[in-house]
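**Q** Generate a structure from the sequence data that follows.
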Amino acid sequence: MRNVKFIFATCVILACNSKNHPPSLADKNTILSLKQTADILYDQNEYETAAKYLDTLIAIDSLNGEYYFKRGYCNAMLFKYYLSTNDYNKAASLNYRKSSAYFNMGLNYSLVNDSIAILYFEKCYETDSTQIKAKEKIRELKEKLTPSERQQYDIMADSVLFRSI
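**A** Numbers count the residues shown, from 1 in each chain. Just a heads-up that it's a prediction; the model follows:
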């Protein structure tokens, strides 16, 4: 409960600051403190609490891809794959660990739709050809596809929507 009150108070304080002024030293120290706490919780596998700190950091700085990437990982560890995928997608759009974000989206989708998972593993490999695990996942998942799933994959692979990811 103490953590929730701290997060709420921090949000209120930072939200009251005018966006026309650079953050004060106190604000920077608060952000640094939040990030350090989030990192410690993340490293200790305290994903639910770490995600709350990352929520606060994202509210303060929505252009920091690291926050989205780490929250995406927390959400995946909490079995919140939809939220996780959204966070990884945002991290990739902010050019933060782009190939890893695509790889992790592939892992998330491999639980529900191999065809979509393959597309994200391919995007990972296109972004970084040293991602050998992505190449292995593509091969592994393609071997598992049924003929109808293969047809679905071919349609999606040709889709302009998936090529623009």
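**Q** ranges for the helices of the protein?
**A** 2-16, 25-43, 47-60, 65-77, 81-93, 98-110, 114-127, 132-144, 147-158, 160-163 (DSSP state H).
**Q** Please convert the ones you listed to JSON lines, extending it with mean pLDDT and mean neighbour count.
**A** For the C-beta atoms, the positions are set from N, CA and C on the backbone; glycine is no exception. JSON lines is the format used below for the helices of the chain (pLDDT from 0 to 100; neighbours: other C-beta atoms under 10 Å):
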{"stretch": "helix 2-16", "mean pLDDT": "53", "mean neighbour count": "12"}
{"stretch": "helix 25-43", "mean pLDDT": "92", "mean neighbour count": "15"}
{"stretch": "helix 47-60", "mean pLDDT": "97", "mean neighbour count": "20"}
{"stretch": "helix 65-77", "mean pLDDT": "98", "mean neighbour count": "24"}
{"stretch": "helix 81-93", "mean pLDDT": "97", "mean neighbour count": "21"}
{"stretch": "helix 98-110", "mean pLDDT": "97", "mean neighbour count": "23"}
{"stretch": "helix 114-127", "mean pLDDT": "94", "mean neighbour count": "22"}
{"stretch": "helix 132-144", "mean pLDDT": "95", "mean neighbour count": "15"}
{"stretch": "helix 147-158", "mean pLDDT": "84", "mean neighbour count": "13"}
{"stretch": "helix 160-163", "mean pLDDT": "54", "mean neighbour count": "10"}
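**Q** Make sure Tyr53 is actually in contact with Ile40.
**A** No - counting by C-beta atoms under 8 Å, Tyr53 does not reach Ile40; the two are 9.4 Å apart.
**Q** can you list the domains in this protein?
**A** The chain breaks down into these domains under automatic domain parsing: 1-79, 97-165.
**Q** Include distance to Ala91 when you put those domains into JSON lines, please.
**A** Listed next are the domains of the chain as JSON lines, based on distance: least, C-beta to C-beta, whole Å:
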{"stretch": "domain 1-79", "distance to Ala91": "4"}
{"stretch": "domain 97-165", "distance to Ala91": "5"}
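**Q** between the ones you listed, which gets nearest to Asn89?
**A** domain 97-165 (6.6 Å; C-beta to C-beta).
**Q** Might you calculate how far the closest one sits from the centre of the chain?
**A** 16 Å (C-alpha atoms, centre = their mean, to the nearest Å).
**Q** tell me the centre residue of the protein?
**A** A centroid search over the chain (C-alpha atoms, centre = their mean) returns Tyr88, at 2.4 Å, as the residue closest to the centre.
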